[in-house]
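Colleague: Sequence first, predicted coordinates after that:
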Amino acid sequence: MTDTDLIDDPSTLTRFVKQAAAELGLQHCAITDTDLGEHETHLLNWLAAGFHGEMDYMQRHGTRRSRPAELLPGTIRIISVRMDYYPPHSADAESVLGSPSLGYVSRYAMGRDYHKVLRNRLQKLAKRIQQHFGEFGYRAFVDSAPVLEKAIAQKAGLGWIGKHSNLLSTDAGSWFFLGELYTDLPLAVDAPLPKSHCGSCTACLQACPTEAIVAPFKVDARRCISYLTIELKGSIPVEFRSAMGNRIYGCDDCQLVCPFNKFSNDTQEDDFSVRNDLDSPQLISLFRWNEEDFKARMAGSPIHRIGHESWIRNIAVALGNAPGTQEIIAALRERQDDPSAVIREHVAWALEQHDAS
């Protein structure tokens, strides 16, 4: 049997794909078909409730998100992969959250932008397949197009969607990224897990600082700190500012309390190691970054995309929630007349919290 003949042998072709994925440092690889009808209903209901907030792109792409062949014609299979990201040797997350003079950055954003790292790995996987079996149709996705990545991963058997809406695995928790290769290859399909393993646990619902998990498996993004600090532009609603604490980019609380994360593994990728001391940074130091500092230090980081204005806005809120020391009040006053109206508003709020406006 020649390599090209293997295109007509789904089981052998599938074994090659999974072996190549493992050799490329992808911790799990599985395959599913393109039928996401059940998840399309969930998506449409979520959008109808307005839970997407200002993420208009969630609605703009219509059914291309839940019908892969509309996004990439000819797609019949989806290769779904997992890459662990929790940075080893990073400061203890709970300790940082309990230290209000420090800033908390979601653990996925400690190092290099995962979009680039994982997409590059998927491209290498596709190249290996091409080298052995010839040209085929594909496109790689990493949280960058209208793709229901968690629904796809669940259907492929990588895990189940937990009550906090993140994908969970019994042997890897939830500290991982997902990526996909849409393809026209006739690969053998994997079976999904037979059930959710969350049981009666509601730890994530109880831990959410802003009560964004409004019901099991249902998240109102408009209340979520990750949405507020990353996706939302402009003013953060006052009702959520105190609950944000010292979380300046994203929020991991629902993952930190999840029992399954005791089974998670630290990443082996140097690209995801801590940079710029972002595992336990001093808020005042970050607050004094000008735009050039931000661009230089956050180059290649997922944080770069929110821009300097949102970064300083988030830190101003955290400083408002920190102890009102003379140093913190002085730092806030340095930006009272900032050119950005958004920054001025959040600085004014922070100073009001310390009766120092």
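Modeller: Okay, I see it.

Colleague: so where do the helices sit in the stretch 51-200 of the chain?
Modeller: For the stretch 51-200 of the chain, the helices defined by DSSP state H, counting those that start in this stretch cover 57-60, 68-71, 93-97, 114-133, 149-156.

Colleague: which one of those helices lies closest to Met83?
Modeller: helix 114-133 (5.5 Å; CB to CB). To be clear about C-beta, it is placed using only N, CA and C from the backbone, and glycine gets the same treatment.

Colleague: which strands and helices sit next to that closest one?
Modeller: For helix 114-133, the elements it packs on are helix 10-23, strand 77-84, strand 138-141, strand 176-183, judged by 3 or more CB pairs under 8 Å, 6 or more residues apart in numbering; DSSP states H and E.

Colleague: could you give the angle of it to strand 77-84?
Modeller: When axes from the mean of the first three to the mean of the last three CA atoms, to 10 degrees is applied, the directions of helix 114-133 and strand 77-84 differ by 130 degrees.

Colleague: what does stretch 237-252 rub up against?
Modeller: With CB atoms under 8 Å, 6 or more residues apart in numbering as the test, stretch 237-252 has contacts from 93, 96-97, 99-109, 209-210, 223-226, 228-230, 236, 283, 286, 303, 306, 311, 314-315, 317-318, 320-322, 349, 353.

Colleague: Please apply the same query to stretch 94-110.
Modeller: 85-87, 90, 93, 114, 175, 177, 226, 245-253, 256, 272-275, 278-284, 286, 301-303, 315, 318, 321-323, 328.

Colleague: thinking again about what came up before, which one, of the helices and strands packed on helix 114-133, ends up nearest to Gly157?
Modeller: Proximity to Gly157, assessed across those by CB to CB, is greatest for strand 77-84 (8.7 Å).

Colleague: Can you tell me which of the contacts of stretch 94-110 end up in strands?
Modeller: The members of the contacts of stretch 94-110 that map onto strands under DSSP state E are 177, 247-249.

Colleague: Same list (these) but as JSON lines, adding neighbour count.
Modeller: Shown next, in JSON lines, are the ones in strands among the contacts of stretch 94-110 (neighbours: other CB atoms under 10 Å):
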{"residue": "Phe177", "neighbour count": "23"}
{"residue": "Arg247", "neighbour count": "26"}
{"residue": "Ile248", "neighbour count": "30"}
{"residue": "Tyr249", "neighbour count": "23"}
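
Colleague: Taking the residues you listed, tell me the two that lie furthest apart.
Modeller: Phe177 and Ile248 (20.9 Å).

Colleague: which parts of stretch 115-129 are buried?
Modeller: Residues 115, 117-119, 121-122, 124-126, 128-129 are the ones in stretch 115-129 that count as buried (16 or more other CB atoms under 10 Å).

Colleague: And for stretch 203-211?
Modeller: Those buried within stretch 203-211 under the rule 16+ other CB under 10 Å are 203-205, 207-210.

Colleague: where's the nearest residue to Ala316 once chain neighbours are set aside, which helix or strand?
Modeller: In space, and not counting its chain neighbours, Ala316 is closest to His346: 4.0 Å by CB to CB, 6 or more residues apart in numbering. Following DSSP states H and E, one finds His346 within helix 341-353.

Colleague: got the CA coordinates for that helix in PDB?
Modeller: Extracted as PDB, the C-alpha positions of helix 341-353 are listed here (Å, rounded to 0.1, in the frame of the first residue of the first chain):
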ATOM      1  CA  ALA A 341     -11.400  60.200  28.900                       C
ATOM      2  CA  VAL A 342     -11.800  56.500  29.700                       C
ATOM      3  CA  ILE A 343      -8.700  56.500  31.900                       C
ATOM      4  CA  ARG A 344      -9.700  59.800  33.600                       C
ATOM      5  CA  GLU A 345     -13.100  58.300  34.500                       C
ATOM      6  CA  HIS A 346     -11.700  55.200  36.100                       C
ATOM      7  CA  VAL A 347      -8.900  57.100  37.900                       C
ATOM      8  CA  ALA A 348     -11.600  59.400  39.400                       C
ATOM      9  CA  TRP A 349     -13.600  56.400  40.500                       C
ATOM     10  CA  ALA A 350     -10.500  54.800  42.100                       C
ATOM     11  CA  LEU A 351      -9.700  58.000  44.000                       C
ATOM     12  CA  GLU A 352     -13.300  58.200  45.200                       C
ATOM     13  CA  GLN A 353     -12.800  54.800  46.800                       C
END
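
Colleague: The helices of the stretch 51-200 of the chain into CSV, with extra columns for mean pLDDT?
Modeller: Formatted as CSV, the helices of the stretch 51-200 of the chain follow (pLDDT from 0 to 100):
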stretch, mean pLDDT
helix 57-60, 60
helix 68-71, 90
helix 93-97, 98
helix 114-133, 96
helix 149-156, 95
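
Colleague: okay, these in a markdown table with distance to Asp171 next?
Modeller: Formatted as a markdown table, the helices of the stretch 51-200 of the chain follow (distance: least, CB to CB, whole Å):
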| stretch | distance to Asp171 |
| --- | --- |
| helix 57-60 | 31 |
| helix 68-71 | 27 |
| helix 93-97 | 21 |
| helix 114-133 | 20 |
| helix 149-156 | 14 |
